[in-house]
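# What follows is a predicted protein model with its sequence.
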There are 2 protein chains.
Amino acid sequence: VRIALNLKGLSHEQVAVHLTRAGGEQHREGYRSINPQGLLPALAPDGGPVLTQSMAIVEYLDERFPEPPLLPSNALDRARVRALAHTIAADVQPLQNLRVLQLLRSQHGLDQQQIGSWVRHWIATGFASVEEQLPSKALFVAGSAPGLAEVVLVPQMYNARRFGVDLSAFPNLCAIDAACRALPAFALAAPEAQADAVA
Amino acid sequence: VRIALNLKGLSHEQVAVHLTRAGGEQHREGYRSINPQGLLPALAPDGGPVLTQSMAIVEYLDERFPEPPLLPSNALDRARVRALAHTIAADVQPLQNLRVLQLLRSQHGLDQQQIGSWVRHWIATGFASVEEQLPSKALFVAGSAPGLAEVVLVPQMYNARRFGVDLSAFPNLCAIDAACRALPAFALAAPEAQADAVA
């Protein structure tokens, strides 16, 4: 969502919600009244109700602020980009969400090594199918600028590095990721660039 | 995807891919060449490339065949409906996908009872937040006809019953589900109505 706001050039105020401090600030009444799902992020547009779910928020931003577009104009091309984005947003990200890992640990006894193996398995599985569906040597997934797929991919690449996924099998993803991270919209949205980042 | 095709009145030919017979037909070369992710469903539009990922396919159908619309016309309303749909499509469905349950069983030793408890936990968690965000006594999530949220909700309600989720805490979801299943577009898409259904 930060990347999409930056790509659209939309000024915004960011409020940090600490996911692990004091049992997770996202579970507190204050945040639950904003997002009953207790998940991040949420966006409160000027004068509008709070929006939740990253993909729904990014689609909203693209509809409300069409330039620069995050999806191609042709319906079939849009479907292809959305499919790649959802492969990560639905089939990778939720499987390594904090609450999922917490349940695997607390309820099903997985230790840190098994958690790591679980996360790496789903990231590598999702990345393999995205890599296979990319045109080779493409600078971006569609066209000459990043869009919905990159908005979803780059944060997942960050997580992949964090969990030690071997990225050598995904040269196209690595190239797209590098091209994106060289752009201010992505660099300013990176975790380490946030005000509440821990050194 | 079947429900969306029916709501749009689009004729289509259905090819069954058996998920558990002979190790899963979705893993065979023939199907992998259609969808490298090895997941169902996939849609081959007339003259177009194969589309994958349910949400991307349904958004495509709604763009290409706008009547009847599956999303409201206002961007904020669209975002609300998409958020509810993604709460199920991203935060519930992928956690109980067959391949996820298979890995929990084979790699992490969960038995049938633990698998059931895992599935019920994530369905109930997702349903609780959707239920809380619905206007009470609404016949449908938005407006006077089913749309994207119902297309995602009804199959998940089917799964919830299959896994024995206690649905009494979700009266609005149950009412919407019942209203939908009374409509031919949903009834004809139900698993038991398919040609390859096992009696």
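Everything's here; your move. Residues are numbered from 1 along each chain as shown, chains lettered A, B, ... in the order given.
# Around A:Asn6, how many other residues sit close by?
Neighbourhood size, A:Asn6 [other Cβ atoms under 10 Å in any protein chain shown]: 19. (Glycine included, C-beta is placed from N, CA and C.)
# Against A:Ile123, how distant is it?
Separation of A:Asn6 from A:Ile123 (Cβ to Cβ, to the nearest Å): 24 Å.
# A:Ala83 touches B:Ala56, doesn't it?
Yes: if you go by Cβ atoms under 8 Å, A:Ala83 and B:Ala56 touch, sitting 4.1 Å apart.
# So if I had to pick from these two, which one is more boxed in?
A:Ala83 (26 against 22).
# Can you tell me the element that one falls in?
helix A:75-89 (DSSP states H and E).
# Quick one: mean pLDDT for that helix?
Averaging pLDDT along helix A:75-89 gives 96.
# That one: which residues count as buried?
By 16 or more other Cβ atoms under 10 Å in any protein chain shown, the buried positions in helix A:75-89 come out as A:75, A:78-89.
# quick one: the residue nearest to A:His86 when sequence neighbours are not counted from A:Val152, how far?
Computed as Cβ to Cβ, 6 or more residues apart in numbering or on different chains, the closest residue to A:His86 that is not its neighbour in sequence is B:Gln53, at 4.2 Å. Using Cβ to Cβ, B:Gln53 is found at 12 Å from A:Val152.
# Ok, A:Asp46 next?
A:Asp46 is 25 Å from A:Val152, by Cβ to Cβ.
# More neighbours: which of those two?
Comparing A:Asp46 with A:Val152 by other Cβ under 10 Å, the one with more neighbours is A:Val152, at 27 against 5.
# element containing the more buried one?
Using DSSP H and E, A:Val152 falls in helix A:148-162.
# cool, and A:Ile57?
Per DSSP H and E: helix A:54-64 holds A:Ile57.
# buried ones in that helix?
Buried-residue list, helix A:54-64, by 16+ other Cβ under 10 Å: A:54-63.
# Show me what it is packed up against.
Using 3 or more Cβ pairs under 8 Å, 6 or more residues apart in numbering or on different chains; DSSP states H and E, the elements in contact with helix A:54-64 are helix A:2-7, helix A:75-89, helix A:148-162, helix B:75-89.
# of these, which approaches A:Pro191 most closely?
helix A:148-162 (6.7 Å; Cβ to Cβ).
# Does the closest one reach chain B?
No: under the criterion of Cβ under 8 Å from any Cβ of the partner chain, helix A:148-162 makes no contact with chain B; the nearest approach is 10.1 Å.
# what's that helix packed up against?
Partner elements for helix A:148-162 (3+ Cβ pairs under 8 Å, 6+ apart): helix A:2-7, helix A:54-64, helix A:75-89, helix A:112-133, helix A:171-181.
# Please work out the angle formed by the directions of the third one and helix A:54-64.
On the basis of axes from the mean of the first three to the mean of the last three Cα atoms, to 10 degrees, helix A:75-89 is oriented at 150 degrees to helix A:54-64.
# just checking, next helix/strand downstream of helix A:75-89?
helix A:98-106.
# Next, see if the lowest-mean-pLDDT helix or strand in chain A gets close to chain B.
One helix or strand of chain A scores below all others by mean pLDDT, DSSP states H and E: helix A:29-32, with a mean of 86. No: residues of helix A:29-32 are not located near chain B by Cβ under 8 Å from any Cβ, the shortest gap being 9.4 Å.
# Nice, that's everything, thank you.
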